[in-house]
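**Q** Show me the folded form of this:
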Amino acid sequence: MRKRSVIAIFAACTLLLAACSGNNASPSSSPSASASPEASAQPSADNGGGEKPELTMLMQYGLFDPNVDPAGKQVEALTGYKTKYEMLPAENADEKLNLMVANKQNFDVMKLGSAQFYKLATAGALEPLDELIEQHGPNIKAAIKEDSWKSATIDGQIFAIPETGSGISVGEELVVRQDWMDELGLQTPTTPDELYEVLKKIKEAKGIVPLTGTKDSIYGDIATAFGVINEWTDIDGKLVHKAELPQMKEFLTFMNKLYSEGLLDSEMPINTSAKAIEKFASGNAAMYKLAWWSASSAEAALVKNFPEAKIGIIPYLKGKDGKASVGVNLATTWFIAVPKVSKLKEDAIKLIDAKLEKETFKQLAIGEEGVHHEFKEEKYYPLLPKFNDDLTNASVYMTGVDEHNYPTYWQARVRKDPVLQSYYEAFQANAAATNIVVDPMSVSPPIDAVSKNKQKLTKLLDDQVLMYIAGSEKIADYDTFLAKWMAEGGTDSIQQANEWYQSTK
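**A** Residues are numbered from 1 along each chain as shown. Reported below is the predicted structural model:
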């Protein structure tokens, strides 16, 4: 099965490569940093040659050069490993990744999203790590909790280091041009119907398409008001995927209404997060779903264009029952994998292990005490501007976290910027006032049919949802689509997910 999957990926990517051209060269590597005493104390990973080899790592997209960033240099200083970094593009990242794998582009470490990980792992493109971790990963074993390994284990083998988040928290919420709301005498909407009226009045007054977003923000705050909260929902003890929820049609009907009346940005499917912020900040949109970690840049961009502008946060919308809900997922955030093509697999694990040594990880996460952070009142606080100068992008370089201590360290990052902190705390307070619903599949290990079909089914559903919203497909035909979705792997996924779920009771 895995052999056929690899052949299929290679064939598809070869056709794509023939139709495309471009420079896929990696960014230049960072200047070498002098090894610190901490780095020299780490066990050698030089294969007996006296010098540690240069490694290569594939990262997710970011708005900075990873090869010159201070956090990357600190990794080298503390571990002794020089690493060359390359990022996936902001758009068509999965397609680019598939091309890289098909062409056997060399990487020693890959930081992957869940769908990317499952696809490559089940295609046989990733190295099993059990023996490597056992032999070279004592710090890895100490840092990662037992339950977390389930998410990276397939058919009894570990294929990645799971990188978890910081516990239950909410990352995004709808925001609005509050100065426009005040100017027009509009009240903050609390339901979808009230949201519709606000959007309509803003469009009439300002002559713009008021609500923008990205493809990734299809669902979010509006969908939860219709009962589409998480990917999976427990209904009377049975797991139901959001694709089969009857509330989906009602949600799509509402979104199509927004689109057909010019209240929803028609470019949403192709907008990047940066583009959505740009539209909001330039006065071409009044509302979008903001991630609190982007709040500082979004607010700065808006105020630069409109010095008197203000941003208001819209609390999570209430459904017909008068209650608001918000979904959270406790699943592994990133999967740190070693591709089979790597010729430095042992060193890849040794690098990750060195980064997870307790004191090394703390320094990589929040820097040096008295230089980057201080500890007072039983909490970590950043020391600015040094914290920002050196550690803004530190989390991007993480390859797994010290799960016992990171949730505490992480809070310093929230406090590094008053704007950031204010949005984070407001989002959490708003979420606390709602019904917080944890996706019941958050804690599941990889399930064969779910893992194998996840990327395909997600894309199939999201693409179809966008067509319904845009009116190019009739929502009345949703059941026909759902039958196709089920045939493409939905049925098997739902069946196996429920088999696991029942086994836990």
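
**Q** quick one: Thr489 and Asn453 touch, right?
**A** In this structure residue 489 is Gly, not Thr. Yes: counting by Cβ atoms under 8 Å, Gly489 touches Asn453, with 3.2 Å between them. Any C-beta I mention is one placed from the backbone N, CA and C, and that applies to glycine too.

**Q** So for the two, which residue has more residues nearby?
**A** Asn453 (23 against 17; other Cβ atoms under 10 Å).

**Q** now the more buried one: how far from Thr504?
**A** Asn453 sits 21 Å away from Thr504, going by Cβ to Cβ, to the nearest Å.

**Q** residues near Ser472, how many?
**A** 9.

**Q** Over to Ile222?
**A** 23.

**Q** Is Lys111 in a helix, a strand, or coil?
**A** strand (DSSP: H, G, I helix; E, B strand; the rest coil).

**Q** ok, it to Ile222 distance?
**A** Lys111 is 31 Å from Ile222, by Cβ to Cβ.

**Q** so where's the protein shaky on pLDDT?
**A** 1-50, 167 (pLDDT under 70).

**Q** repeat that for 80
**A** Applying pLDDT under 80 to the chain flags the ranges 1-50, 147, 165-168, 330-331, 416, 443, 445-446, 504-505.

**Q** and the residue nearest in space to the middle of it, how far is that from Tyr288?
**A** With distances taken as Cα atoms, centre = their mean, the residue of the chain nearest its centroid is Thr333 (6.4 Å). Per Cβ to Cβ, Thr333 is found 23 Å from Tyr288.

**Q** How about Thr164?
**A** 28 Å.

**Q** The two: which is more packed in?
**A** The residue with more neighbours, out of Thr164 and Tyr288, is Tyr288; 25 against 20, by other Cβ under 10 Å.

**Q** So the more buried one sits against Thr212, correct?
**A** Yes: counting by Cβ under 8 Å, Tyr288 touches Thr212, with 4.7 Å between them.

**Q** shared neighbours of those two, anything?
**A** Contact criterion Cβ atoms under 8 Å, 6 or more residues apart in numbering; residues shared by Tyr288 and Thr212: Ala276, Lys279, Phe280.

**Q** List of residues touching the helix or strand where the first one lies?
**A** Take DSSP states H and E as the rule and Ala276 turns out to sit in helix 273-281. Under the contact criterion Cβ under 8 Å, 6+ apart, helix 273-281 has outside partners 63, 90, 175, 177, 212-214, 216-217, 265, 267, 271, 285-288, 291, 294, 297-298, 301-302, 304-305.

**Q** Which of the residues you listed fall within strands?
**A** Judged by DSSP state E, strands contain the following of the contacts of helix 273-281: Val175, Arg177, Met287, Tyr288, Ala291.

**Q** In JSON lines: the residues you listed, plus distance to Tyr478.
**A** Below are these laid out as JSON lines (distance: Cβ to Cβ, whole Å):
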{"residue": "Val175", "distance to Tyr478": "30"}
{"residue": "Arg177", "distance to Tyr478": "34"}
{"residue": "Met287", "distance to Tyr478": "27"}
{"residue": "Tyr288", "distance to Tyr478": "26"}
{"residue": "Ala291", "distance to Tyr478": "30"}
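
**Q** and the two most separated of those residues?
**A** The span of the ones in strands among the contacts of helix 273-281, defined through Cβ to Cβ, is set by Arg177 and Ala291 at 17.6 Å.

**Q** which one of the two has more residues nearby?
**A** Ranked by neighbour count (other Cβ under 10 Å), Arg177 and Ala291 place Arg177 first, with 23 against 16.

**Q** and stretch 412-421, which residues are buried?
**A** Within stretch 412-421, the residues that count as buried by 16 or more other Cβ atoms under 10 Å are Ala412, Arg413, Val414, Arg415, Lys416, Asp417, Leu420, Gln421.

**Q** between the shared contacts of Tyr288 and Thr212, which is closest to Lys249?
**A** Closest approach to Lys249 among these (Cβ to Cβ): Ala276, at 26.2 Å.

**Q** what's the next secondary structure element after the helix or strand harbouring Ile222?
**A** Here Ile222, judged by DSSP H and E, is contained in helix 220-225. Counting by DSSP H and E, the element after helix 220-225 in chain order, helix or strand, is strand 232-235.

**Q** pretty sure Val240 contacts Thr233?
**A** Yes: using Cβ under 8 Å, Val240 is in contact with Thr233, at 5.1 Å.

**Q** Mind listing the shared neighbours of those two?
**A** Counting by Cβ under 8 Å, 6+ apart, nothing touches both Val240 and Thr233.

**Q** Give me the more crowded residue out of those two.
**A** Taking neighbours as other Cβ under 10 Å, Val240 and Thr233 compare with Thr233 leading, 21 against 17.

**Q** so that one touches Pro246, yeah?
**A** No: using Cβ under 8 Å as the test, Thr233 is too far from Pro246 to be in contact (11.3 Å).

**Q** Leu252 contacts Ala476, correct?
**A** No: between Leu252 and Ala476 there is no contact under Cβ under 8 Å: 10.6 Å.
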